[in-house]
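> requesting a structural model of the entry that follows:
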Amino acid sequence: MLLKNTLKLMLLVTLIFSSVSIVNAQYLLNSDSAFNAGAANSGRLWGYMFGDYYVKTHSDALNRGGSNQYTGIPKDRNAFAFRRIYLGYDYNISKKFSAELLLAAEDNFPGFNGPTSSSTTGDELLNNKLTFYIKLANIRWKNIWKGTDFVFGQLSTPTFPLLTEKIWNYRSVERTITDIRRTPSYDFGGSLQGVFDPATKNFGYNVLIANGTSAKPASNSFKWLYGDVYAYLFDKKVVLDLYADYLRTNWSPIPSQERSRQMVKGYIAYNSAATAKGGMNPGQGYTVGVEVFANNLKNDLFATKIAGGVDTINNVATGASFYVHGDIIKNKLRFFTRVDLYNPMKKINNNVYKNYVGNTGNYNDDEFLLAYNNNGSPVSATKLGDETYKQTFFLAGLDYMPTKNVHLEPNIWYNHYATQLSGQSGAATGDHDMVLRLTFFYVFGK
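Next up is the predicted model:
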């Protein structure tokens, strides 16, 4: 009896391992071409990573620029650091349905806690170790009607990931200008993504209604509305994009307490390698792009009067980004350069007001006066309160590709700050952060 049961167990184990081997063999037969064709039960595991060895060669004396990853880092600091690790899995359930899952571990940044805050920010655990979180998790219903997909779950927004970031092509060295201000790149909701002309795909649109909280659970009933329309012209060498969004952030019967944000953004780019059939290829030829935005922030500013008292006023934050990148040696060496201009407050009136405090995250950067210990580490930070300063950002570098999907990108990262308040002197009127970096970027599974 024991021998008989032993033989049965061995047979069962053999069948299980055989089944696993068959499943694995079937999965291996699901080639990338099968996945791209939408074959049922085909999937792919993919990812990418980028980071740097950096040296901060100059530090702004007032530690401004709360939305960048180098605020509060002292002069001469150097380190190796990842800024993003992606691990994704895409799966075709059938010809009509596909699923997407993306885990992300991304850089830590001051995030308005102040340069000496003990609070963990970015994607750090309480023990200060980097961790993955769920960035995307959605299902796509393809061709819910001809030329349009319906996507539900946690998904990319139309703000920049679906178009402008792809054509900028160098997320490995810097975010787009609206991403720097942390307009969501992903959110939880329902979206229609489609084209008006399925045969040529020259004219399209993306609309999304979502929570407005990215990966975090919704904390209220307000919804973020996103939408854009785009057009490819001249054999798809030129793209035009118009984007708008709206989010009510506070409702009140008192008009001065009613708050909302509403962005309008325009974009135009030219890619010399584009073809009518294949579309734009920003990794080939050369690309020139311009992106501009205005974010209307209702009842966002608390403005302190020179004569005394505080007014609540509307604000408009504006930005413009200009870039060019292109081939030096095809498939081996490229260059990129970019200049951004950013004004957080278009409502400055130095004849009436002496100070302004913003009320919308990522548009209310502050400055900090730091005190350091003998080791060069900050031990205290005094909040100074000037949020009016304009920023001029400059980036330039090279992109060396020893093989496909592997990039080494030496670059210069520079951000200049200048107050808009009158009666200021010294660093307030002009100072900067400057970082020299060797960026590494590699992709697998795609």
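> secondary structure class of the most centrally placed residue in the chain, three-state.
Most central in the chain under C-alpha atoms, centre = their mean is residue 179, positioned 4.4 Å from the mean C-alpha point. The local conformation at residue 179, judged by DSSP: H, G, I helix; E, B strand; the rest coil, is helix.
> please name the nearest non-neighbouring residue to it.
Closest residue to residue 179 apart from its sequence neighbours, by C-beta to C-beta, 6 or more residues apart in numbering: residue 160 at 5.7 Å. Placement of C-beta: from N, CA and C, glycine included.
> next one: residue 347
The shortest distance from residue 347 to any non-neighbouring residue, by C-beta to C-beta, 6+ apart, is to residue 315 (5.4 Å).
> my read: the one you found touches residue 343, true?
No. The pair formed by residue 315 and residue 343 falls short of the contact definition of C-beta atoms under 8 Å, at 10.4 Å.
> more crowded one of the two?
Neighbour count, other C-beta atoms under 10 Å: between residue 315 and residue 343, residue 315 has more, with 24 against 17.
> for that one, list each beta-bridge partner.
Counting by DSSP bridges, residue 315 is bridged to residue 297.
> residue contacts, it?
296-297, 300-301, 345-347, 358, 360, 363 (C-beta atoms under 8 Å, 6 or more residues apart in numbering).
> same question for residue 396.
Counting by C-beta under 8 Å, 6+ apart, residue 396 touches 335-338, 411-412.
> let's see 7 Å
By C-beta atoms under 7 Å, 6 or more residues apart in numbering, residue 396 lies in contact with 337, 411-412.
> for ChimeraX, write a command that selects the buried ones of those residues.
To isolate the buried members of the contacts of residue 396 in ChimeraX, using 16 or more other C-beta atoms under 10 Å:
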select :337,411
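> need the contacts of residue 396 in TSV (columns: distance to residue 75 and pLDDT).
Output for those, formatted as TSV (distance: C-beta to C-beta, whole Å; pLDDT from 0 to 100):
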residue	distance to residue 75	pLDDT
337	24	98
411	19	98
412	16	98
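> among the contacts of residue 396, which lie within strands?
Among the contacts of residue 396, DSSP state E puts 337, 411-412 in strands.
> tell me the one of those residues nearest residue 48?
The nearest member of these to residue 48, counting by C-beta to C-beta, is residue 411 at 17.7 Å.
> tell me what the closest one is bridged to.
Residue 411 forms beta bridges with residue 397, residue 437, as assigned by DSSP bridges.
> shouldn't it be in contact with residue 397?
Yes. Between residue 411 and residue 397 there is a contact at 2.7 Å, judged by C-beta atoms under 7 Å.
> okay, and the common contacts of the two?
Listed as contacting both residue 411 and residue 397 by C-beta under 7 Å, 6+ apart are residue 173.
> which SS state does the nearest residue to residue 359 once chain neighbours are set aside fall under?
Distances taken as C-beta to C-beta, 6+ apart put residue 300 closest to residue 359, at 5.0 Å, once the chain neighbours are dropped. Secondary structure, three-state DSSP: residue 300 is strand.
> residues touching residue 300, list them.
Counting by C-beta under 7 Å, 6+ apart, residue 300 touches 259, 314-315, 358-360.
> most neighbours among these, which one is it?
Most neighbours among those, by other C-beta under 10 Å: residue 315, with 24 neighbours.
> how close does that residue sit to residue 355?
Note on residue 315: its distance to residue 355, by C-beta to C-beta, to the nearest Å, is 14 Å.
> one step back: quick check: the residue nearest to residue 179 touching residue 180?
No. With contacts counted by C-beta under 7 Å, residue 160 stays clear of residue 180, the gap being 10.3 Å.
> is it fair to say residue 60 lies in a helix?
No. If the criterion is three-state DSSP, then residue 60 is coil and not within a helix.
> count of neighbours near it?
Residue 60 has 23 nearby residues by other C-beta under 10 Å.
> wait, what's in contact with it?
Neighbour list for residue 60: 417, 431-433 [criterion: C-beta under 7 Å, 6+ apart].
> which one of those is nearest to residue 64?
residue 417 (4.4 Å).
> now that closest one: how far from residue 107?
Counting by C-beta to C-beta, the gap from residue 417 to residue 107 is 21 Å.
> quick one, which of those two is more surrounded?
Neighbours per residue (other C-beta under 10 Å) separate residue 417 from residue 107, with residue 417 holding more: 25 against 18.
> mind checking pLDDT for that one?
pLDDT recorded at residue 417 is 97.
> that one contacts residue 389, doesn't it?
Yes. Applying C-beta under 7 Å, one finds residue 417 in contact with residue 389, separated by 4.7 Å.
> overlap in contacts of these two?
Shared contacts of residue 417 and residue 389, defined by C-beta under 7 Å, 6+ apart, are found at residue 64.
> now the helices for this structure?
For the chain, the helices defined by DSSP state H cover 2-29, 32-36, 164-168, 177-180.
> and the last one, how far out from the chain middle?
Computed by C-alpha atoms, centre = their mean, to the nearest Å, the separation of helix 177-180 from the middle of its chain amounts to 7 Å.
> mind jotting down where the strands sit in the stretch 151-300 of the chain?
186-195, 203-210, 224-233, 238-250, 259-271, 286-305 (DSSP state E, counting those that start in this stretch).
> tell me how far residue 268 lies from residue 168.
For residue 268 relative to residue 168 (C-beta to C-beta), the value is 13 Å.
> one more: residue 417?
23 Å.
> what do you get for residue 86?
17 Å.
> please say which of those two ends up with more neighbours.
Per other C-beta under 10 Å, whichever of residue 86 and residue 168 has more neighbours is residue 168, with 26 against 19.
> chain neighbours aside, what residue packs nearest to that one?
Leaving aside its chain neighbours, residue 168 sits nearest to residue 176 (5.6 Å; criterion: C-beta to C-beta, 6+ apart).
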